[in-house]
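# Build me a structure from this.
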Amino acid sequence: MADVLDVGPRVRELSCVAEQQAAAALFTRVWSGGGASHQPLEPSLIRALAHAGNYVAGAYVGGELVGATVAFFAGDGTLRSYITGVLPGHRGLHVGRAIKQHQRAWATARGITEIHWTFDPLIGRNAHFSLHRLGARAVDYLPDFYGAMRDGINRGDASDRFYVVWRLDSARAAAAAAGDPSPVPEAVLRAAVPVVGRAGDEPVLREAPVRDGSPLLVAVPEDVEALRASDLALATRWRLAVRDAIRMALADGYTVEGLSSEGSYVLTSSSPRDGRA
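Residues are numbered from 1 along each chain as shown. Now for the predicted structure:
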């Protein structure tokens, strides 16, 4: 498939062994840390997935591989985006967006209408990217989804994940692709009730509101990756506070509307309640 962007990162499928080995090495660089090396995917597995017709692609800047991604076909006819990594020095330069839009075009050309993936709910930039920059939806909260992880990013923390559905032909996805991400409406933000707030680095649990369908706010830490390294106990308090608040809201019929500019999830209810049991 041809590159989908004329400027900026150039994204293409990785079809030869050397390119796939380079992608595996990039993943190792991204997910290593703290003096330990971690290889998320063996080069041979990437080779096998690509040879079987799955999606393996890389993003290049000036001839250098700066990002890579692997996705596979799921039994329900969707594409499951398993891993996407961008070298730290190239984050914030639209590499991730270029990769995901290439992935969207690749899937659409094969008649696939949905791409699914997971992300850590405590990493706000990933939430903003998935929910606003791409127009996807977080539809479920999965506690400790992968079990204990040993990589330099996640080591020591529970592997909670949001499960994301990206409907490629939706108006929301099309608007995001055109550079017009949908923010949370101001009226929703004004009506929202804080459930988890932030006091310095600490999470602040607030009394659950009456079940009247009011929008809810659930704050996340400003930088959970740095927090894991400096104060794992505090990072764990954030994990549990956010987990409990979001799972309770989802069980009560709320959906994740998006992320506020202050770094709080906004959850809305389509069926206001009257407070009765």
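
# Flag every buried residue along the helix or strand where Gln20 lies.
Assigned by DSSP states H and E, Gln20 belongs to helix 17-31. In terms of neighbour count (16 or more other Cβ atoms under 10 Å), helix 17-31 has its buried residues at 19-24, 26-28, 30-31. To be clear about C-beta, it is placed using only N, CA and C from the backbone, and glycine gets the same treatment.

# Report how many residues lie close to the residue nearest to Val86 when sequence neighbours are not counted.
Leaving aside its sequence neighbours, Val86 sits nearest to Gly67 (Cβ to Cβ, 6 or more residues apart in numbering; 4.2 Å). Using other Cβ atoms under 10 Å, Gly67 is surrounded by 25 other residues.

# secondary structure class for Gly67?
At Gly67 the chain is in strand, as set by DSSP: H, G, I helix; E, B strand; the rest coil.

# what do you get for Leu122?
coil.

# Please name the residues that touch the closest residue to it other than its chain neighbours.
Spatially, and ignoring its direct neighbours in sequence, Leu122 is nearest to Val224 (4.1 Å; Cβ to Cβ, 6+ apart). Residues in contact with Val224 (Cβ atoms under 8 Å, 6 or more residues apart in numbering) are 120, 122-123, 157, 235, 238.

# and what of Gly62?
By Cβ under 8 Å, 6+ apart, Gly62 has no neighbours at all.

# can you list the weak-confidence ranges in the stretch 101-250 of the chain?
Segments of the stretch 101-250 of the chain classed as low confidence (criterion: pLDDT under 70) are 208-211.

# can you pull out the helices in it?
Secondary structure of the stretch 101-250 of the chain (DSSP state H, counting those that start in this stretch): helices located at 124-128, 171-177, 186-191, 224-230, 232-251.

# what's the spacing between Ala105 and Leu168?
9 Å (Cβ to Cβ, to the nearest Å).

# who has more neighbours, the two?
Taking neighbours as other Cβ under 10 Å, Ala105 and Leu168 compare with Leu168 leading, 21 against 15.

# just checking, the more buried one touches His116?
No. Applying Cβ atoms under 8 Å as the test, Leu168 and His116 come out as separate, 11.2 Å apart.

# one step back: okay if I get the contacts of Val224 as TSV plus neighbour count and distance to Pro40?
Putting the contacts of Val224 into TSV (neighbours: other Cβ atoms under 10 Å; distance: Cβ to Cβ, whole Å) gives the following:
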residue	neighbour count	distance to Pro40
Asp120	21	14
Leu122	23	19
Ile123	17	16
Asp157	21	16
Ala235	21	21
Trp238	24	24
